[in-house]
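Student: model this:
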Amino acid sequence: MIIASVDIGTNTILLLIAEIDNSSKHIKTLRDELRIPRIGKGLLVNSSIKQEKVDLLFKSLSEYKKIIDEYSCNKVILTATSAFRLASNAEELVKIIKSELDLDITIVTGKDEARLSYLGAISSFPDEVKYLVIDIGGGSTEIIFGNRDEINFSNSYPVGVVSLTERFLKSQPPEEMEIKQFTDFVKETFSEIDHNKIIASKTIAIAGTPTTLACIKQNIKEYDESLIEGSILTKPEIRIFVELLSKLTPDEIKTKYGNVVSGREDVLFAGTSILHALIECLNIPEVIVSTKGIRYGAIINYLTNKL
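Tutor: Just a heads-up that it's a prediction; the model follows:
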């Protein structure tokens, strides 16, 4: 069975084409695609996704539809998250995309987004231990804690790299007062987490921020999933990245680190700061970087039919 899974986020739209072994349910990646249309730019609660971003959304999905057709996929899953939850024109877009591209989009709640992120993240780790999964997105951050069979805690927080960059970090590079206001908001948001109830054997960080930092750490100029999956970022390393990125403009970040930061250069500082604040709050010494997330979790969910 060939399954296509599309993750429509605030900043990125990801496509996974995967072959499923019917006996073992093993997911073999056939193709991975990334587009960064940032459909959530300037998006507030009950405002519309801007027309220029709608055009980029359709362009990305049209390109993905051709790839999906090339692979003669047996099942196509499209999962939309924070931007579609906020947008007043989300339902209209869902109908138009169905009409013009024959693609069915499911808008998931923050809780369901967290669960799908968790399923995808732990899929590479066979150990029967307690996992904490951190998913820093463009419009929200999901935190999920549990084991392979049960989720003990999950929540979605309104802390995203795009939304908070637009709200707090208006200078390039950000000014000290902007950084303080940003950091205070993030810490206050995460302060409600009872870290005494989250004692994980492994902490896994997914999405663009940790994968990009892993590339920078390894001096990788072109994205290579095989080198990133399972790599480690320590608390001191993340703190150093925060300090370094705070002094650079987006153009300087792109020049310094190459294509691996393209499309994220203006929000990488925000994502790194969110990650650092979270591991400080939960007293986590290091995170394991995973390239898997919602698009993998959506396939696993479809195969187990639990959501």
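
Student: Could you point out the longest helix of this protein?
Tutor: Ranked by number of residues, the top helix in the chain under DSSP state H is helix 51-70.

Student: helices and strands around it, which ones?
Tutor: Helices and strands touching helix 51-70, as assessed by 3 or more Cβ pairs under 8 Å, 6 or more residues apart in numbering; DSSP states H and E, comprise strand 2-8, strand 13-20, strand 27-35, helix 90-101. No exception for glycine: its C-beta is placed from N, CA and C like everyone else's.

Student: Can you tell me which of these is packed in deepest?
Tutor: Greatest average neighbour count among those goes to strand 2-8 (a mean of 24), per mean count of other Cβ atoms under 10 Å.

Student: other SSEs contacting that strand?
Tutor: Looks like strand 2-8 contacts strand 13-20, helix 51-70, strand 75-80, helix 294-304 (3+ Cβ pairs under 8 Å, 6+ apart).

Student: relative to helix 294-304, how tilted is that strand?
Tutor: Interaxial angle, strand 2-8 versus helix 294-304 (axes from the mean of the first three to the mean of the last three Cα atoms, to 10 degrees): 130 degrees.

Student: Go ahead and name everything in contact with strand 2-8.
Tutor: By Cβ atoms under 8 Å, 6 or more residues apart in numbering, the residues outside strand 2-8 that reach it are 13-20, 30, 39, 57, 61, 64, 67-68, 71-81, 83-84, 103, 105, 293-296, 298-299, 302.

Student: what lines up beside that strand in the sheet?
Tutor: strand 13-20 (antiparallel), strand 75-80 (parallel) (DSSP bridges).

Student: Flag every buried residue along the shortest one.
Tutor: Going back to what we said before, that points to strand 75-80. By 16 or more other Cβ atoms under 10 Å, the buried positions in strand 75-80 come out as 76-80.

Student: what element comes up after it heading to the C-terminus?
Tutor: Beyond strand 75-80 in the direction of the C-terminus, DSSP states H and E gives the next helix or strand as helix 82-86.

Student: can you put the buried residues of strand 75-80 in CSV and add distance to residue 272 and pLDDT?
Tutor: Below are these laid out as CSV (distance: Cβ to Cβ, whole Å; pLDDT from 0 to 100):
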residue, distance to residue 272, pLDDT
76, 34, 97
77, 30, 98
78, 29, 98
79, 25, 98
80, 26, 97
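
Student: Rebuild these as JSON lines, extending it with distance to residue 126.
Tutor: As requested, the buried residues of strand 75-80 are exported to JSON lines (distance: Cβ to Cβ, whole Å):
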{"residue": "76", "distance to residue 126": "28"}
{"residue": "77", "distance to residue 126": "24"}
{"residue": "78", "distance to residue 126": "29"}
{"residue": "79", "distance to residue 126": "25"}
{"residue": "80", "distance to residue 126": "30"}
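
Student: what's the first-to-last distance across stretch 78-91?
Tutor: The straight-line separation of the ends of stretch 78-91 (Cα to Cα, to the nearest Å) is 14 Å.

Student: now swap in stretch 80-89 and tell me
Tutor: 13 Å.

Student: what's in contact with that stretch?
Tutor: 7-10, 39-40, 43-49, 54, 90, 93-94, 105-110, 113, 137-140, 160, 294.

Student: Among those, which lie within strands?
Tutor: The strands, defined by DSSP state E, take in 7-8, 105-107 from the contacts of stretch 80-89.

Student: ok, which pair from the residues you listed is furthest apart?
Tutor: 7 and 107 (12.4 Å; Cβ to Cβ).

Student: Under the pLDDT cut-off, which ranges of the stretch 51-200 of the chain? List them.
Tutor: Applying pLDDT under 70 to the stretch 51-200 of the chain picks out no residues at all.

Student: Let me see the ranges of the strands in the stretch 201-307 of the chain.
Tutor: 202-206, 232-234, 286-289 (DSSP state E, counting those that start in this stretch).
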